[in-house]
Every structure is written in C-alpha cells, then in structure tokens.
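Novice: here are the coordinates; sequence isn't available:
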C-alpha cells in the first residue's frame, strides 16, 4: 500500500514554482488529511499553496508539529525522461522518492495508524517552496510552531538512518551589477562591463569567506551579457551560504552587504531567503532520548547527529522548540538523478513515527 501511494505521489510531479501542479497535489493531501479527521486550511501564495492540517488530540496538551513539503527540484517530464519509476532489489527510484514524497507517505501512514488512539494534538504543515528556502512559508512555519511541544521534520535521514539533531544555517544571496553597454570594439572605453565587475565581487566574496572556519559558499547561478561584441550592461549571481553559528552568519552577511563596486558600476546585494542555524541543545537531546525509547518499543534502534543541510526545521530549532528531522525513509541521491529509497524503510519509519506520536 505504501509503495503504491508513493508511486502515485511521484507520478504527480511538483516542481517548485509550478502553482498548478503544487495546488493539485495539495488537493490530494488535504482530502486525505480531512478523511483522517483533520481540520485543513489552505494558505495561498502565487507560487503554490501551503497546507495546514490540525488533528485533534488529548485535551489541554501542547501539539506535536510535523513539517513537510510537496515541492521537488525536478521539472515536469523528469519522470518520463531521465528518472522513470523503477523498483529493483528492494530499491525504489524516481524523482522525489527521497526528497520528500517518501516522507509524505511515511507521515500519512503513521497518521492512519494512530487514528482513534490517545495522543497529543497534531499539526501538519506542508509547504510549497521548501526547495528554494521557503521564502513564502517562513512566517507560516514560525506562526504554526508557537506552543508546540516538539517539532519533527520528514526530510531524508542521515545515510545510516540517524535523525538530524541540528542544522547549519542557510542563506541565499543575489548580487546584481548594472554597468554600461557599449560597442566592444569601436568604443569599449565608454562601456562598463557588468560581468567583469561581478567577477571581481565574487572574488571578494571568496576572500570574505576565507576568513572564517566552517562556512560553505557555492555560486549556484551566473547570468549576464548577451553578445560578444557588446560590453555587458548587466550581470547577476546567486550564492548559497551555509553557517554553523549565528555569529558567523551575521558577520559574513554584513561583509557581503557592504561590498563596494570596483569600477563605475552599480551594485545591489539582496538576501533571497534565510534559514538561521539550528544549534544543538539540551532540549533536543532530551527529545531524542524519548524518540530512542519509542523506537525500541517497535524494535528499532534510533540515533541522532548534526547535519549541514538546511530545512524548515532550522526555524523551529532556532526558536528553541525541541526539534528532530530526518523521519523520511532511508535512501540516497537527493537532488540527483540516482535518487532512491530503500522500500522496507517506508514501513519501518511509519511504525517509528506512530510510536513517537503515541508515546509523547
């Protein structure tokens, strides 16, 4: 049943930003959550609706918050062309099986298993733009997290199945340069190359980052110019930063914001999305101990470790809410064409989540 549902969900491709595809998938989730007893709310945005589902539970108890997303990094057609659904030797391949349609199936199955049993109220938040940093969902996640007993994410776990107990901070920054176009051969001196300026600024960013330990910096996209015989008048780059602690994050981002042009060009630095660092805490350690006990009740050994990747659980951890992530099935290849999950871990993870819900 879980594999069939995963195949259905993977078959409904949901690239970030495709509002029609995302909203159609949200319809499926909302209908299913309502069937399981939830009060479902849609939070509309131009790039796809977010979903909030509240399941009733023990009177007066603080709720458990479950965080998930229904967008993927893959375009429509990926399933037909480069990544067809495939089951072989207990491994399931396909776009989104690992990140995070598999996690959605685990969550849904666990909700089915605890229906009618005693547990805390449950709140499920499924966002539509997690893969680009949740720019439209940050305020929603923050608001829905208020008063939660604990938060759990359904992102992929560590390769050995361990849960994630902290995460590096993640910030996307765009550097935009406006120069001045001119004929590259007849009048080059009248032009100001936006591309040359952008290259110099990216080198300056590298120098900034080199002054700090444990900062990751990836220039993910570069655009600019249009013809080889025209001095380019515009250029831009998107940069992904990862930070282990808030102090380093603040210092690096401040230095990047204060960059100055090297030539007669205009420079703009914008933060596109930000997820603050979720640092280790005694509260999360205590939650992990409870989850370890829940796991043992269903014959599973559960561990936890820090993670470098970012997700919506960064926000709950940063807010001081005891948080764990990585409750999706075990697999590999997030954002890669060999994306896959181990089929048997779908049922194992669902049993673990059901045990967590009924034991906290």
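Specialist: Looks like it arrived, so ask away. Remember, predicted model here, so these are calculated numbers, not experimental data.

Novice: what about the nearest residue to residue 154 once chain neighbours are set aside, is that helix, strand or coil?
Specialist: In space, residue 154 comes closest to residue 103 once its chain neighbours are excluded; the distance is 3.2 Å by CB to CB, 6 or more residues apart in numbering. Just so you know, the C-beta spots here come from the backbone N, C-alpha and C atoms, and that holds for glycine as well. Recorded secondary structure, residue 103: helix (DSSP: H, G, I helix; E, B strand; the rest coil).

Novice: State the number of residues packed around the closest residue to residue 22 other than its chain neighbours.
Specialist: For residue 22, ignoring the flanking residues on the chain, the nearest one in space by CB to CB, 6+ apart is residue 48 at 3.3 Å. The number of residues packed near residue 48 is 27, by other CB atoms under 10 Å.

Novice: distance of residue 48 from residue 94?
Specialist: 21 Å (CB to CB, to the nearest Å).

Novice: likewise residue 234?
Specialist: Distance from residue 234 to residue 94, by CB to CB: 39 Å.

Novice: One more: residue 197?
Specialist: Taken as CB to CB, the span from residue 197 to residue 94 is 43 Å.

Novice: Now do the helices in this protein.
Specialist: 2-11, 19-35, 102-114, 138-145, 194-210, 246-257, 282-297, 313-318, 344-359 (DSSP state H).

Novice: Please name whichever of the ones you listed is nearest to residue 151.
Specialist: helix 313-318 (3.8 Å; CB to CB).

Novice: For the closest one, buried residues please.
Specialist: 313-318 (16 or more other CB atoms under 10 Å).

Novice: Equivalent analysis for stretch 337-350, please.
Specialist: For stretch 337-350, by 16+ other CB under 10 Å, it's 339-343, 345-346, 348-350.

Novice: Check stretch 143-151 too.
Specialist: 144-145, 148, 150-151.

Novice: Spell out, range by range, the strands that occur in the stretch 151-300 of the chain.
Specialist: 163-167, 169-178, 215-224, 234-243, 266-275 (DSSP state E, counting those that start in this stretch).

Novice: deepest of those, which one?
Specialist: strand 163-167 (a mean of 25; mean count of other CB atoms under 10 Å).

Novice: Can you tell me what sits against that strand?
Specialist: Applying CB atoms under 8 Å, 6 or more residues apart in numbering, the set of residues contacting strand 163-167 from outside is 153, 155, 157-158, 275, 277-281, 284-285, 288, 291, 302-311, 313-314, 317, 324-327.

Novice: Quick one: low-confidence residue ranges for the stretch 51-200 of the chain.
Specialist: Along the stretch 51-200 of the chain, no part satisfies pLDDT under 70.

Novice: what does the stretch 201-350 of the chain give?
Specialist: Those would be none, if you go by pLDDT under 70 across the stretch 201-350 of the chain.

Novice: Where do the domain boundaries of this structure fall?
Specialist: Domain assignment for the chain, taken from automatic domain parsing, gives 2-168+278-359, 169-275.

Novice: Deepest in the core, which of the ones you listed is it.
Specialist: domain 2-168+278-359 (a mean of 20).

Novice: Would you work out how far apart the start and end of that one are?
Specialist: 23 Å (CA to CA, to the nearest Å).

Novice: how far is that domain from where the chain is centred?
Specialist: 10 Å (CA atoms, centre = their mean, to the nearest Å).

Novice: just use 12 as the starting number from now, easier for me
Specialist: That works, and once the first residue is 12, the last one we named lands at domain 13-179+289-370.

Novice: coming back round to it: turn the buried residues of stretch 154-162 into TSV, including distance to residue 193.
Specialist: As requested, those are exported to TSV (distance: CB to CB, whole Å):
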residue	distance to residue 193
155	52
156	53
159	58
161	60
162	54
